[in-house]
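Chemist: sequence and predicted structure, then a few things I'm wondering about:
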Amino acid sequence: MSAAAQGTSKAAHGDVAPKKKKGPGALATAYLVIYNVVMTAGWLVIAVGLVRAYVARGSYHGLYYSIEKPLKFFQTGALLEVLSRVFLTWAVTHSVREVQSEDSVLLFVTAWTVTEIIRYSFYTFSLLNHLPYLIKWARYTFFILLYPMGVTGELLTIYAALPYVQKTGLYSVTLPNKYNFSFDYYTFLILIMISYIPRKSIGRLHFPLQKSAIRKTGYTG
Amino acid sequence: MDLHLKVEVLDAKTREQLCFLDKVEPHSTIGDIKSLFYKLYPRWYPARQSLTLDPKGKFLRDEEILQSLPVGTTATMYFKDLGPQLGWTTVFFAENIGPLLIYLLFYFRVPYIYSDRCAFTSSPHKVVTMACVCHTFHYLKRLIETIFVHRFSHGSMPLRTIVKNCLYYWGFSAWLAYYINHPLYTPPSYGEVQVHYAMVIFAICEMGNFSIHLSLSHLRGDRSRGRRFPVPSKNPFTWLFFFVSCPNHTYEVGTWVSFSIMTQCLPVAVFTVLGFIQMTVWAKGKHRAYVREFKDYPAVRVAIIPLIL
């Protein structure tokens, strides 16, 4: 987390020498990928811990019913969120070298990083049964700023990649070919951008809904 | 002694009393209750009513008789609106007429699909015409079966499902028709041999599928001998019943595999795989239902792929 922050300040201070323009881009991207993978694994471990803690304390039947439906619905959205991050990291930022030095990358990287720092502290404290109100407050409040910030960064990055994808025909298959199939990555990216409208407005509702569901059931984690 | 029952119907979500029926005959069915309810609420025709004994329970079937249910002298039921319903025949018709017509739009290269100079031209490849004949035959057969052969168990299906299903079938047929009828279409690698073999398998599977549908329809029509499971008959195509519970699905998969080989088109193969997965799910469900219901169900049978799945 600190390394990513360092990377951010480095770019801001223009410490990077001109001939190293492509270097830090690839390095930062690789770091981010590893970071996200490790964090995902860590999340899974924490989740298992939470479940076991529940079981040890007894049934939470009523509580679960109250948040079951929205939780199920939005967790599927959260899975899509994870997939979209992996997509953005590998299929866009990594694959199209030219966008790696764009400011928009900085934007969503910062948004993701801050979100994750708060999120993992939240889970860790929950597990230890000592959740400072500050962390819970921070998570739901910062979300209001970080979510649009992340979405904007992601959209701008995809948009920046478009001309290069069109020019080089990256990941695209044209006719004629033996299996009578074609795929235009450029059009695909545009469709992804359009899909942000329904996907992200649902995601935008995830936290306020979760917050009110949790408040209703008095669950303090 | 008053042998009549009372029935009160509550809204499953709000628990508000929607109606109270006095003097109901104990041997009335759920269907009768639904008709009475419909008289009070003309918006909710019987097909879109779900009546349950428990707000979260399974819905009661129309044939169930009141006095056989675990209720006292006053039966309390919970109502849920299932939304607009469409008859199965309508659903199947809509699902199949789309692909039939859409494919033809691409075959005849109607303007705005491909480049202007290709409008209304035809492909030099024989396989493209053969593919059109096969595809059209397949959907014509389905439409005819829907009208004359199939006997559906449930009455209807929700509107949202039909929209979703139509999008799927229509969308996929447009996608695969686009490539097969494209000016830059590449005929199969092994030429005529590949196409002809595929056509033979296609014909066999279509005949097989039809035979099974006929056999199932006779089974359902003959109610006098009680519930029975399908068995092989003199028709060799039905001998697949020795090995699988749902040979109609087995033949259908065969049809689409042969069509994929005939056209050597990746989108067709994708459609085949997805169809295979869905049909396996259906076949496994049906197989489990048969095994549960019939104690003497043949042990060698599996759901869809002989000896394997």
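Modeler: Right, received. Where do you want to start?
Chemist: under a three-state scheme, what state does the residue in the stretch 1-150 of chain B positioned nearest to chain A occupy?
Modeler: The shortest separation between the stretch 1-150 of chain B and chain A is 10.0 Å, found at residue B:56 (distances taken as CB to the nearest CB). All C-beta atoms are positioned from the backbone trio N, CA, C, and that covers glycine. The three-state assignment at residue B:56 reads coil, by DSSP: H, G, I helix; E, B strand; the rest coil.
Chemist: run a quick neighbour tally on it.
Modeler: In terms of burial, residue B:56 registers 7 neighbours under the definition other CB atoms under 10 Å in any protein chain shown.
Chemist: that one and residue B:16, how far apart?
Modeler: Shown here: residue B:56 relative to residue B:16, a distance of 17 Å by CB to CB, to the nearest Å.
Chemist: same question, residue B:24
Modeler: 20 Å.
Chemist: tell me the residues of chain A that contact chain B?
Modeler: Proximity of chain A to chain B is confined to A:175, A:176, A:177, A:178, A:179, A:180, A:181, A:182 under the rule CB under 8 Å from any CB of the partner chain.
Chemist: list buried residues within those.
Modeler: Under a neighbour-count criterion of 16 or more other CB atoms under 10 Å in any protein chain shown, the subset of these counted as buried comprises A:180, A:181, A:182.
Chemist: what strand or helix carries the residue lying closest to residue A:98 once chain neighbours are set aside?
Modeler: The shortest distance from residue A:98 to any residue other than its chain neighbours is 5.1 Å, reached at residue A:164 (CB to CB, 6 or more residues apart in numbering or on different chains). With elements taken from DSSP states H and E, the one containing residue A:164 is helix A:133-168.
Chemist: next one: phi and psi at the residue positioned nearest the centre of chain B?
Modeler: For chain B, the residue nearest the mean C-alpha position is residue B:92 (7.0 Å; CA atoms, centre = their mean). With angles defined as degrees, to the nearest 10, residue B:92 shows backbone torsions of phi -60, psi -40.
Chemist: same thing with residue B:9?
Modeler: Here is the backbone geometry of residue B:9 (degrees, to the nearest 10): phi -110, psi 120.
Chemist: specify the beta-bridge partners of it.
Modeler: In this structure, residue B:9 has beta-bridge partners residue B:19, residue B:77, where bridges are defined by DSSP bridges.
Chemist: show me what contacts it?
Modeler: By CB atoms under 8 Å, 6 or more residues apart in numbering or on different chains, the contact list for residue B:9 reads B:17, B:18, B:19, B:20, B:21, B:33, B:37, B:51, B:77, B:78, B:79.
Chemist: try 7 Å this time
Modeler: Residues in contact with residue B:9 (CB atoms under 7 Å, 6 or more residues apart in numbering or on different chains) are B:18, B:19, B:37, B:77, B:79.
Chemist: by neighbour count, which of those wins?
Modeler: Ranked by neighbour count (other CB under 10 Å), the contacts of residue B:9 have residue B:77 at the top, with 26 neighbours.
Chemist: just the pLDDT at it, thanks.
Modeler: The predicted local confidence for residue B:77 comes out at a pLDDT of 90.
Chemist: contacting residues for it?
Modeler: With contacts defined as CB under 7 Å, 6+ apart, the neighbours of residue B:77 are B:7, B:9, B:51, B:52, B:53.
Chemist: hmm, which two among the residues you listed are most spread apart?
Modeler: B:7 and B:52 (13.1 Å; CB to CB).
Chemist: okay, the two: which has more neighbours?
Modeler: Between residue B:7 and residue B:52, counted using other CB under 10 Å, the more crowded position is residue B:7 (23 against 15).
Chemist: give the contact list for the nearest residue to the residue nearest to the centre of chain B once chain neighbours are set aside.
Modeler: Using CB to CB, 6+ apart and skipping the chain neighbours, the partner closest in space to residue B:92 is residue B:146 (4.3 Å). Residue B:146 makes contact with B:89, B:92, B:93, B:96 under the criterion CB under 7 Å, 6+ apart.
Chemist: gap between residue B:102 and residue B:176?
Modeler: Remark: distance between residue B:102 and residue B:176 (CB to CB) = 10 Å.
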